[in-house]
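A.B. asks: Below is the structure, and that's it, no one-letter string:
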């Protein structure tokens, strides 16, 4: 049974006010009421995290891995009750949420294996050389956790990018205690997952400050959390305005801290001429499927498609219009997201040169109606409004006079999470010219697929230049994400008795760089 | 013969005003006059860097390595003329500058080898698995350069942290074009080194925009450089005020960029009781040697020594006082650094509880006089002025009632470049309790040595938590520094014909992670 309290280092506490979640489909409030975390709750959670940090950060790797697996097991044990609550709070369908739960526990277990693997420590040993002038000291490097991390739950992934989502998993894997600010759209889902984490903390005998959950509807809560001097880094997935606000808070601190905000991307997709010639209709169908998946509420939604004008593009547009008629209206995550979507589409429709390609079915209530516009490259280049992300199932097809003009548009674009090329071998010579532009503009370059799938694996990058993220030097999905919460420390001439175990000469089975040579 | 012009992508250009360097020892201006770079010079240098970036960033590794070695060879060829000019401009002695030149070319050659090694690309290959639901795509990750980097020359290392210093070497190694803002204290040295780099650029057939040098005395030049939209990252070594200003400029840009500013550190040194009992006098002598080395003008100068009160500390203080009488006055880098040093020492001397331990010889002109104060832990904790860096040969001995009080002082300290423990085996149990605090506070923890030596190698960390640096996630010395100028990109299902060479299945001899397993 949900109780609506905030979790402060193992204690479920009453806060200072109340709010309720809404059933996404009906818009009705649902039980129970949730407590707004107070300023004292924020301070206490951060203090407990700071106190737990030294123990948790120095836990043997196998113990930290066991903790991550324990969280995954406890989430699994929540069963259908979790799915049902998440369905009501997010409006997402059952199959999607069951898949998302699998992704959530899968990434916790992947990070458990990553912790055990140990290569993330970036171990380097340079042995002393007393014969050098001046004598070379013995130097040994490892990476250690940054300290307590504030994680902001995302609206669009109530499990995989929320309380025990990617940011939490990678921060815990790095050895950082975590204070989550739950997304107010799904507080019941958050409470259930936080209960699972608290059970895992207790079962593993860890200090309770390793994890806290704070709920609230106002901006002040997140601001207080980011400004708390004990917080050492921030993970966020959400709007550009929200991410930029967190960046400002972090930069204004007495001690500025890194903010990893995943914010805004329209994920340009380039349709190359030969591929279009042979498969315009097939591409159009897949495009409409990708842009309307999950009511278009993905960071990697294909918001812009670029192609060269001509018969093939006309066929693509016609087939897209046709496919759109088959797209049902889908419940969006919240009424405010739905409102922003409708407003964004209306703004798009009023831009000079925007021509409607087609629409999906109109729904009632907070349902997003899929829509595609087409615009000439000339009109697109004149008007930055076309480059604004509209979060939901909308997209724009940009018709270019030539591949050269298409390249110029890409060169002028903001940073993106993904860029995509649809091509066949005859397109490769021209695609090779575009590739350097796409690399520079994005964190992932995709060939012949649609960007909405984001595999959780070692070689994934879900990141990219500003404003796709606030810090393009990292990824929020995949095992490389652990690196964003670490920093290097070097030990000089440290006696064996005091060296961290992992830096001893005897320690092995972990990737190390010894006197310049990598040893597995 | 020096001409005093700015180097804009291969062209030596006249600027908008003039300034002259000063002979550090005499304070007299020296010839020739140097040109102040104009706003147009900044814009042109950045535009040329952006234009050269794609070619330079995609250069085969062996070609980039050859370029770094060519720069090193050209600097070697400058011979004693370079040393003489640097001696006059910096006041540093000949042996030190010859050593620094060796360090400078040594680190260029180390980075050349690092470029060839290729592990910095962080290559990861996850092969496709069509049997999975959903099917796993083929994903391949590498790191690519961030883009053009602005490097600020430091006053205290006219060679090793200036025009072709550590930041330039690591940025070029990463594949980033570089625009240097030379330090106005040593424009002649800067011009000679820039000439060497320009020759290497030409010899290697690279686009001239790979490197530019801008000279100037006002703050506006650095501001314009950091705010130029084509600059993608900043490397800086200097004062806290200077670093914080650059951070502000970078954060206020339409596209914020990373700033790696190495700013302020007092490098706490802990003298453990058993070690002090057996070697107080020896430690004191080495301490005075370290704090007065190079007129104390090192980022890692031991500004604070902490020990437990008692007979051993009294012996240490007496021996330090004695050793100080042997320290000659040394010419400081500039008259303004000398002025700031004298003022800083005067401020220190006026703080409640500060007791003079001893002083070095008094010099004439812009000479720094070594000085040590002692203060009780109680007085130290009451007064943040004791924790301010005074750049030069001064230091404070903090006398603590107990190791517990000493630990509390360390816990409350700001981030540092280094922390140090002097100890012997009997001290290890207590040292083990301090070690976690030292790790959290610094980028390098040193045993039984003094912090002023900074080895250029693989396992070095010259970095640390704010305000030691603006970004504790990296190092400015050693091969790991290449990582600060890179970001990851993932390629999904990319046809072999379009894949970067390094990510091909056939490419080998570079460390890669294949399906989760590291392969050397």
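C.D. replies: Nice, thanks for sending it over. Since the model is a prediction, treat every value here as computed from it, not as a measurement. Numbering: from 1, shown residues only, chains lettered A, B, ... in the order given.

A.B. asks: what about residue A:3, how many neighbours?
C.D. replies: A count of nearby residues for residue A:3, using other Cβ atoms under 10 Å in any protein chain shown, gives 12. Bear in mind the C-beta positions are built from the backbone N, C-alpha and C, glycine included.

A.B. asks: Am I right that it sits in a helix?
C.D. replies: No: using DSSP: H, G, I helix; E, B strand; the rest coil, the assignment for residue A:3 is coil, not a helix.

A.B. asks: Now do the lengthiest helix in chain A: distance to the chain's middle.
C.D. replies: Scanning chain A for the helix with the most residues, using DSSP state H, yields helix A:61-90. Distance of helix A:61-90 from its chain centroid, counting by Cα atoms, centre = their mean, to the nearest Å, is 18 Å.

A.B. asks: What is that helix packed up against?
C.D. replies: In terms of contacts (3 or more Cβ pairs under 8 Å, 6 or more residues apart in numbering or on different chains; DSSP states H and E), helix A:61-90 is packed against strand A:18-22, helix A:94-117, helix A:166-174, helix A:187-203.

A.B. asks: What residues sit buried inside that helix?
C.D. replies: A:61, A:64-75, A:78, A:82-83, A:85-90 (16 or more other Cβ atoms under 10 Å in any protein chain shown).

A.B. asks: about what we covered before: can you redo the helices and strands packed on helix A:61-90 as JSON lines with mean pLDDT?
C.D. replies: Formatted as JSON lines, the helices and strands packed on helix A:61-90 follow (pLDDT from 0 to 100):
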{"stretch": "strand A:18-22", "mean pLDDT": "97"}
{"stretch": "helix A:94-117", "mean pLDDT": "97"}
{"stretch": "helix A:166-174", "mean pLDDT": "98"}
{"stretch": "helix A:187-203", "mean pLDDT": "98"}
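
A.B. asks: most packed of the ones you listed?
C.D. replies: Stretch with highest mean neighbour count among those: helix A:166-174 (a mean of 29; mean count of other Cβ atoms under 10 Å in any protein chain shown).

A.B. asks: how big is the angle separating that helix from helix A:94-117?
C.D. replies: Between the axes of helix A:166-174 and helix A:94-117, defined by axes from the mean of the first three to the mean of the last three Cα atoms, to 10 degrees, the angle is 20 degrees.

A.B. asks: Which residues outside helix A:166-174 are in contact with it?
C.D. replies: By Cβ atoms under 8 Å, 6 or more residues apart in numbering or on different chains, the residues outside helix A:166-174 that reach it are A:64, A:67-68, A:71, A:107-108, A:111-112, A:114-115, A:120, A:145-146, A:149, A:151-152, A:160-161, A:178, A:180, A:210-211, A:233, A:235-237, A:260, A:456, A:476-477, A:481-486.

A.B. asks: what separates the residue nearest to residue A:173 when sequence neighbours are not counted from residue A:261, distance-wise?
C.D. replies: Spatial nearest neighbour of residue A:173, chain neighbours left out: residue A:111 (4.0 Å); criterion: Cβ to Cβ, 6 or more residues apart in numbering or on different chains. Separation of residue A:111 from residue A:261 (Cβ to Cβ, to the nearest Å): 21 Å.

A.B. asks: Tell me who's in contact with residue A:239.
C.D. replies: A:263, A:264, A:391.

A.B. asks: For burial, what's the neighbour tally of the second one?
C.D. replies: Just to be clear, that refers to residue A:264. 25.

A.B. asks: Can you give me the neighbour number for residue A:240?
C.D. replies: Here the number of neighbours of residue A:240 (other Cβ under 10 Å) works out to 17.

A.B. asks: does it really touch residue A:263, like I thought?
C.D. replies: Yes: here residue A:240 reaches residue A:263: they are 4.5 Å apart, a contact under Cβ atoms under 8 Å.

A.B. asks: Give me the common contacts of the two.
C.D. replies: residue A:467.

A.B. asks: Tell me the bridge partners for residue A:21.
C.D. replies: When bridges are called by DSSP bridges, residue A:21 pairs up with residue A:30.

A.B. asks: That one contacts residue A:182, correct?
C.D. replies: No: between residue A:21 and residue A:182 there is no contact under Cβ under 8 Å: 10.5 Å.

A.B. asks: quick one, domains of chain A?
C.D. replies: Listed by automatic domain parsing, the domain ranges of chain A are A:49-263+A:471-485, A:269-447, A:491-519.

A.B. asks: Need the winner for burial among the ones you listed.
C.D. replies: Buried most deeply of the domains of chain A, by mean count of other Cβ under 10 Å, is domain A:49-263+A:471-485, with a mean of 22.

A.B. asks: related to what we said a few turns ago, restricted to helices, list the contacts of helix A:166-174.
C.D. replies: Using DSSP H, A:64, A:67, A:68, A:71, A:107, A:108, A:111, A:112, A:114, A:115 are the members of the contacts of helix A:166-174 that sit in helices.

A.B. asks: Now do the SS call for the residue lying farthest from the centre of chain A.
C.D. replies: For chain A, the residue at maximal distance from the C-alpha centroid (Cα atoms, centre = their mean) is residue A:131, at 50.3 Å. Look at residue A:131: counting by three-state DSSP, its state is coil.

A.B. asks: The one 3 residues further on too?
C.D. replies: Using three-state DSSP as the criterion, the local structure at residue A:134 reads coil.

A.B. asks: Need the three-state assignment for the closest residue in space to it that isn't next to it in sequence.
C.D. replies: Spatial nearest neighbour of residue A:134, excluding adjacent residues (Cβ to Cβ, 6+ apart): residue B:453 at 6.4 Å. Three-state call for residue B:453 (three-state DSSP): coil.

A.B. asks: got it, and residue A:216?
C.D. replies: Following three-state DSSP, the label given to residue A:216 is coil.
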